[in-house]
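Student: Structural data only, the sequence is not supplied:
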Ligand code: ATP
Ligand code: MG
């Protein structure tokens, strides 16, 4: 059975992009893979964050995952900082990765913005920690949204260099699994930027916890154009915002963008947005109810995460110890 690793940052409320591009794909993988899913709080502190809310957001992210069907008895679900192997292996990888490799990472450029001198060093080495998250488990399959593809290539470069430098095939090759029509859900305000939970504008995204009114308002305000919907996908090429809304409806109804266009050809956005809102409200309602139920008993969520951390550490500890041994550290006896 292949081992899967994936993570999500508790850097805000999970968005529709996280759900369609990542979380939703985590669930069926549990049928035929050994799945390790992680709330990556060490990653969340690479950008401005509030220490007063980090713990709550971490627990809420875990509850959101469970509510989406990532049930802890069918996978290993835990919090990254609870398993020290991640930070230890990340340090080793800081010494394996080359500056030239990190300099190419587009997420750093996007997130650091213009004031790069003032970006945290953690944001720069973020991809090394992500490589450690995966390699600490010898995971070979990583379901992610398209934005993470470049980081996974870097994780493979790190694994290969480690294997080469220390003369053994220790870290396996990682395959990204980038699935479906919603592998890249775009911002509701700008069809050329991806939807992100850390975007300063709440209007740019649908949060999994948005109620029917909030969803209706955000979809109504979503940027579109005055043209009706075309019959063919090629008619949306220069219309990224329209393309995004069609993609979202296709993903949420288990359809394809082509089929959505066949059904809604000639419609203006007034009508189409109504249909999209209804579909979103119907789909997200049950998830929200389950999330509320779980958060009524925070101690139960925390207990599930503690069990998950024990299971995760049992896998990762020996792997990271072996990596240290291959690099020649004096073992602690
Ligand atoms: P942040 O803005 O803090 O980086 P994020 O919304 O990008 O938050 P992450 O925690 O970085 O979320 O990523 C979690 C998972 O969600 C990853 O697999 C990532 O590829 C996926 N993902 C993030 N945004 C999108 C999106 N807009 N469309 C599809 N998948 C996405
Ligand atoms: Mg991100």
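Tutor: That came through, no problem. Because the structure is predicted, anything quoted here is derived from the model rather than measured. Numbers count the residues shown, from 1 in each chain. Ligands and ions are numbered 1, 2, ... in the order given.
Student: For residue 210, which non-adjacent residue is closest in space?
Tutor: residue 218 (7.0 Å; C-beta to C-beta, 6 or more residues apart in numbering). C-beta here means a position set from N, CA and C on the backbone, and glycine is covered the same way.
Student: quick one: contacts of the helix or strand the one you found falls within?
Tutor: Assessed by DSSP states H and E, residue 218 sits inside helix 212-221. Contacts to helix 212-221, defined as C-beta atoms under 8 Å, 6 or more residues apart in numbering, come from residues 188, 203, 205-207, 210, 245, 273, 276-277, 280-281, 284-285.
Student: Repeat the analysis, applying 7 Å as the threshold.
Tutor: Outside helix 212-221, the residues within contact range by C-beta atoms under 7 Å, 6 or more residues apart in numbering are 188, 203, 206, 210, 273, 276, 277, 280, 281.
Student: And the residue nearest to residue 210, what's its pLDDT?
Tutor: pLDDT recorded at residue 218 is 98.
Student: What about residue 95, how many residues nearby?
Tutor: 9 (other C-beta atoms under 10 Å).
Student: any idea how far the residue nearest to residue 210 is from ligand 1?
Tutor: Counting by C-beta to the nearest ligand atom, to the nearest Å, the gap from residue 218 to ligand 1 is 15 Å.
Student: What separation is there between that residue and residue 249?
Tutor: 15 Å (C-beta to C-beta, to the nearest Å).
Student: ok, now residue 261?
Tutor: 10 Å.
Student: cool, and residue 321?
Tutor: From residue 321 across to residue 249, the span is 49 Å (C-beta to C-beta).
Student: Please identify which of those two sits among more neighbours.
Tutor: Remark: of residue 321 and residue 249, residue 249 carries more neighbours, 23 against 15, as counted by other C-beta under 10 Å.
Student: In contact with that one, which residues are there?
Tutor: Per C-beta under 7 Å, 6+ apart, neighbours of residue 249: 260, 275, 276, 279.
Student: Contact residues of this protein facing ligand 1?
Tutor: 8-9, 11, 15, 17-18, 21-22, 144-145, 147-148, 183-185, 194-198 (C-beta under 6 Å from any ligand atom).
Student: Show the buried residues in those.
Tutor: 8-9, 11, 15, 17-18, 21-22, 144-145, 147-148, 183-185, 194-197 (16 or more other C-beta atoms under 10 Å).
Student: Other residues contacting stretch 181-195?
Tutor: 15-17, 20-21, 145-147, 199, 201, 203-205, 218, 222-223, 240-241, 243-244, 247-248, 250-251, 256-257.
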